[in-house]
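Chemist: Next come a sequence and a model predicted from it.
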Amino acid sequence: MLRRCRGWDYRRPCIYQITLVLADRKSKALGRLVIDRELPLSVRDGLEHRLEVAASSYVALTSAGEAVMSEFLRIGEHHPEIMPLFIQVMPDHIHFIIHVTKPMARPLGQAIAGFKAGSSKAAIGKGGLWAEGFQDTILFHEGQLDSMFTYLRDNPRRLAVKQLFPELFRVRNDLCLKLPRQDSGNRELPLSAHDRPFREQNRPLLARDRSLQAQDRPLSAQNRPLCSVLGAGAPSFKAHFSAIGNLFLLDSPNIIQVQCSRAYLAYKRVPKPGGGRKIARDAAGVPIVEKATPEFEEKRDELLAAARHGAVLISPCISDGEREIARLAFAASLPVIALRNMGFSPLYKPGGKLFDKAANGKLLLLAPAAWPYSTSEKPMTRFDACALNRIAQLIAGDGAAVINYKGMQPKDIDRLVREAVAKGGV
């Protein structure tokens, strides 16, 4: 809640999306999520029906929520430079969009502090309603405002999806895998009765032909026997992860690693406020590709064809090519295990388009247990990249890619992995 755009002058005119959370989020003092229970729902109902139920949901505001909304609509009376555009009140937080139409005498943060004080007094008669700080998103580019309106209006449905699919949106810090993965019976996290019905719903995704031979799989040139990648007789060890998403993707007998050289594809980069460069995107938010080689197109087509025929893709999403293949897989509703170089906050949920992929059981996010969540952005170091690539190899088994670690010895790579997946850190 304390992140800011470095180098940006918060007195400047711009459109901002602001998020505030309650000091006591468990109180849900602003409203109550209403899910249409006239649509019958049982734990064995299919994905489409459960999503239909979620789409009918809305937030019924309490008197405190109504007071907060009224204060927001009056924000221009206190700060004429600010035009209120939209507010979405949720049970334990609010999102709103404002337009700063002309330069402000003081930074925007002071106006937000004033709104927090006034809305707190209007809602509960005293201060203390809100947690410290606020989170902001600056809407610089064409198309961002419409996308943000759509995202915020969709908040009640996404909250309902989390309640109807709790097994897919619960952060787990107790996932233990046996690596290297040589069969599907390597997950030690016990299944609860609450988790089992979801496995039945995803039977088409999980019921693979376990007699499938390695030579019959796509990407046969990459899918060497496991011993050729790891070395014969590689000892197994327990690896600990934080996870969110569909754990049953790990049960697939055909997991294929996505590994793509940086030379194969490059996104266009543009300067960002405060310095540095970022990926350029079109009006729909899709990354703009600056270069794509025939090698990338061949690898992309093979991997997506494998996923369409029942394989699960696993990727550290490090290079632009790996990110693009993951993006295309998500767009086609194909299953992906994505690795991250830090853990998840207790209230984490996949953002944007990944949210619906998680609800459909097509996504699993894994982070090594010794790399905890941090409120600041964690840069991807070469050591992180090497460890994540090696972890992907170990999980993929016979679907592992052959990787040149450029001067790093196998024992050093494996040491990085064991440190990253050690229980409770190192």
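Modeler: Cool, got the structure.
Chemist: Next, the residue nearest the centre of the chain: secondary structure please.
Modeler: The residue lying closest to the centre of the chain (Cα atoms, centre = their mean) is P350, at 3.0 Å. When classified by DSSP: H, G, I helix; E, B strand; the rest coil, P350 comes out as coil.
Chemist: Beta-bridge partners for V89, please?
Modeler: I94 (DSSP bridges).
Chemist: dump the residue contacts of it.
Modeler: Neighbouring residues of V89 by Cβ atoms under 8 Å, 6 or more residues apart in numbering: L30, G31, V59, L61, G65, V68, M69. Quick note: C-beta positions are derived from backbone N, CA and C, even for glycine.
Chemist: just checking, which of those residues belong to strands?
Modeler: Secondary structure from DSSP state E places G31, V59, L61 of the contacts of V89 in strands.
Chemist: What about those, which one has the most neighbours?
Modeler: Among the ones in strands among the contacts of V89, the one with the most neighbours (other Cβ atoms under 10 Å) is G31, at 22 neighbours.
Chemist: residues contacting the residue nearest to the centre of the chain?
Modeler: So P350 contacts I244, G245, K357, A358, L363, L365 (Cβ under 8 Å, 6+ apart).
Chemist: can you rerun that using 7 Å?
Modeler: The contact partners of P350, taken as Cβ atoms under 7 Å, 6 or more residues apart in numbering, are A358, L363, L365.
Chemist: What of I325?
Modeler: Neighbouring residues of I325 by Cβ under 7 Å, 6+ apart: V258, C260, R300, L303, S315.
Chemist: and what of L304?
Modeler: Contacts of L304 (Cβ under 7 Å, 6+ apart): L328, A329, A332, L334.
Chemist: so what pLDDT did the first one get?
Modeler: Spelled out, it's L328. pLDDT recorded at L328 is 95.
Chemist: Out of the contacts of L304, the closest to A311 would be?
Modeler: Nearest to A311 among the contacts of L304: L334, at 8.7 Å, using Cβ to Cβ.
Chemist: for the longest helix that the chain contains, which positions count as buried?
Modeler: As assigned by DSSP state H, the longest helix anywhere in the chain is helix 108-124. For helix 108-124, a neighbour-count test (16 or more other Cβ atoms under 10 Å) marks L108, A111, I112, F115, K116, G118, S119, S120, A122, A123 as buried.
Chemist: The last one and M69 touch, don't they?
Modeler: No - judged on Cβ atoms under 7 Å, A123 makes no contact with M69 at a distance of 9.9 Å.
Chemist: re earlier: can you name the two of the contacts of I325 that sit furthest apart?
Modeler: R300 and S315 (12.1 Å).
Chemist: which of the two has more neighbours?
Modeler: Higher neighbour count among R300 and S315: S315, with 27 against 20, using other Cβ under 10 Å.
Chemist: roughly how far apart are the more buried one and Q88?
Modeler: 33 Å (Cβ to Cβ, to the nearest Å).
Chemist: can you pull out the helices in this structure?
Modeler: 47-55, 63-73, 75-78, 108-124, 144-153, 155-164, 196-201, 203-206, 226-230, 294-308, 320-331, 354-359, 382-396, 410-420.
Chemist: how about low-confidence regions in the chain?
Modeler: 1-3, 37-51, 182-234, 424-426 (pLDDT under 70).
Chemist: what residues go with each domain of it?
Modeler: The chain breaks down by automatic domain parsing into domains covering 14-163, 170-420.
Chemist: how about the spatially closest residue to M104 that is not a sequence neighbour, what does it touch?
Modeler: The shortest distance from M104 to any non-neighbouring residue, by Cβ to Cβ, 6 or more residues apart in numbering, is to R11 (4.5 Å). R11 is in contact with P103, M104, R106, P107, counting by Cβ under 7 Å, 6+ apart.
Chemist: 6 Å - rerun?
Modeler: P103, M104, P107 (Cβ atoms under 6 Å, 6 or more residues apart in numbering).
Chemist: May I see the PyMOL selection of the buried members of the residues you listed?
Modeler: The PyMOL command for the buried members of the contacts of R11 (criterion: 16+ other Cβ under 10 Å) is given here:
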select buried, resi 104
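Chemist: just the contacts of R11 now: which is nearest P84?
Modeler: Checking these against P84 with Cβ to Cβ, the nearest one is M104 at 14.9 Å.
Chemist: Is it correct that the closest one is in contact with I82?
Modeler: No - look at M104 against I82 with Cβ atoms under 6 Å: they stay out of range, at 8.0 Å.
Chemist: ok, back up a step: with the contacts of V89 in mind, which one is nearest to L129?
Modeler: For the contacts of V89, the closest approach to L129 (Cβ to Cβ) belongs to V68, at 8.0 Å.
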